[in-house]
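# Below are the sequence and a predicted model for it; my questions follow.
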Amino acid sequence: MTWVLENLGLIGKLTLLHLATAIPAIVLSFVLSIPIGWVANRFRWSRGTLLAACALLYAIPSLPLFLVMPLIIGSGLRDSINVTISLTIYGIALMARSTADGLAAVDADVNQSATAVGFSAWSRFWRVELPLAGPVLLAGLRVVAVSTISLTTVGAVLGIGSLGLLFTDGLQRSIPEEVMSGIALTIVMALAVDLILVQLGRVIMPWSRVKSGRAGGQPAPGVPQAVIL
Amino acid sequence: MNYLTEAFDWIFDPGHYGGFDGIDVRLTQHVVISLAVILVAAVIAIPLGYLVGHTGRGRGLAVAVSGGIRALPTLGLLIIIALGVGIGLTAPFAALVVLAIPSILAGAYAGFEAIDRRTIDAARAVGMTEWQIVGRVEIPLGLPLLIGGLRLAALQVIATATLADYVGGGGLGLFLFRGLKTNDYPQMLAGSIVVILLALVSEVAFSVIQRLAVPAGVSAGLKQDVRVKSVGFHVAQG
């Protein structure tokens, strides 16, 4: 604990850097995957193609992607934007699939009823389909949030600021306490963000509370079950 | 795009092959490490997953463990082990096994769980023993999902094995870290390209195996297009 107490300033700074890199990636992947998931689900040809493309994007290892990113967007080698954009790509790769699955699981009868009572296609999507797909989207987003926060640490081997710097610095200076606190803080941050998402889901989707013990608790079908590097 | 040309020149430079730091040598190391990790993880995770899937017990625990490991940063795990056992392959190997277990475990038990209960009841009704049910019904029907789990694990391990050389464990990470130290961007890029290609090759290989693993005449084990499935469901209800 002494190491932690003596370095609270550093820990605070790295926590903020970590959040500043990871949170935009989580938000962006959620927002961008809505139109992609919609297109994937809308046309028969697009589902297989788009979801296969997502699976392929997800297959790119993260550290190499961080290194290739400057070539694509013209950033510096150690800019945190490389990490944010790379993690957004992984997030989309997972979320687009959840979104498409969630939308596909909306009962066709419900859609027809909504159309029959006068919803336009646009308002039906936002007010019927998307809310009903909500629990599946939430399950996908929880996986994305946790793995994004965990993956953000990898940027540290390039010197990009995050809690991961506690790992690399702890290795160089042989301070196990520093590495342990980095691991603990990363897990705590991931769990905290996960908890916030669950609570947000309860507030935004009160109807899912009845069965939320299951709906929110597990990743959606088709969501890969783990972290990639 | 100039860097890209330089990176490919770097890859095709005959001087970068052979010896302790040759591309071919490092690629082989990377593949061997990844395969060994998957093998060890599979030996641990598949029997456990089958036990959970067959008995239905311990499912909550398995899900919780898989979820918990998702939050665990692999780089941190690797480094904390390295601080204990010293630099070399031991630390990355152990960290990679921990990383690979959840996907394989999930693939194993999900494969069993996805089987229609009536199929298993039928197997029991025609007099199969529990071992026969596991060996001749559940394992073949669960195979595609198990291979899906192995596929994901292989992807993660190949990607993360790049970090092994950060603590002197060998593999393709050498080119990334050496390039970083000497500010040699083409070398980093070359190493990155080789790792990316290796990951894509593994994906393609596993997707072929996954298709071949479906027992003849059975498509039930394979995840269908959700829309096709829901249409089928409506027909069955009608």
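Sure thing, it's come through. Numbering: from 1, shown residues only, chains lettered A, B, ... in the order given.

# can we go C-alpha only for contacts and neighbour counts from here?
OK.

# Name the residues of the longest helix along chain B that come out as buried.
Counting residues, the longest helix found in chain B (DSSP state H) is helix B:23-55. Under the neighbour-count criterion of 16 or more other C-alpha atoms under 10 Å in any protein chain shown, helix B:23-55 has B:23, B:25-27, B:29-31, B:33-34, B:37-38, B:41-42, B:45-46, B:48-54 buried.

# Please name every helix or strand in contact with that helix.
helix B:59-71, helix B:90-113, helix B:139-160 (3 or more C-alpha pairs under 8 Å, 6 or more residues apart in numbering or on different chains; DSSP states H and E).

# got the angle for the next helix or strand after the first one vs helix B:90-113?
What it means is helix B:59-71. Toward the C-terminal end, the helix or strand that comes next after helix B:59-71 (DSSP states H and E) is helix B:74-85. Angle of helix B:74-85 versus helix B:90-113, following axes from the mean of the first three to the mean of the last three C-alpha atoms, to 10 degrees, is 130 degrees.

# Export only the CA atoms of helix B:74-85, formatted as PDB.
This file holds the C-alpha atoms of helix B:74-85, laid out as PDB (Å, rounded to 0.1, in the frame of the first residue of the first chain):
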ATOM      1  CA  THR B  74      -3.100  -9.600 -20.100                       C
ATOM      2  CA  LEU B  75      -0.100  -7.300 -20.200                       C
ATOM      3  CA  GLY B  76      -0.300  -6.700 -16.400                       C
ATOM      4  CA  LEU B  77      -0.700 -10.500 -15.800                       C
ATOM      5  CA  LEU B  78       2.300 -11.300 -18.000                       C
ATOM      6  CA  ILE B  79       4.500  -8.700 -16.300                       C
ATOM      7  CA  ILE B  80       3.500  -9.600 -12.700                       C
ATOM      8  CA  ILE B  81       4.400 -13.300 -13.500                       C
ATOM      9  CA  ALA B  82       7.600 -12.200 -15.100                       C
ATOM     10  CA  LEU B  83       8.600 -10.200 -12.000                       C
ATOM     11  CA  GLY B  84       8.100 -13.500 -10.100                       C
ATOM     12  CA  VAL B  85       9.800 -16.000 -12.400                       C
END
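
# Which strands and helices lie in contact with that helix?
Looks like helix B:74-85 contacts helix A:165-172, helix A:176-204, helix B:90-113 (3+ C-alpha pairs under 8 Å, 6+ apart).

# ok, and what's touching the helix or strand just after the last one?
Just to be clear, that refers to helix B:90-113. Later in the chain than helix B:90-113, the nearest helix or strand by DSSP H and E is helix B:117-125. Helix B:117-125 is contacted by residues B:Glu130, B:Ile133, B:Val137, B:Glu138 when judged by C-alpha atoms under 8 Å, 6 or more residues apart in numbering or on different chains.

# swap the cut-off to 7 Å and go again
B:Ile133 (C-alpha atoms under 7 Å, 6 or more residues apart in numbering or on different chains).

# Run the chain-centre distance for it.
Relative to its chain's centre, helix B:117-125 lies at 31 Å (C-alpha atoms, centre = their mean, to the nearest Å).
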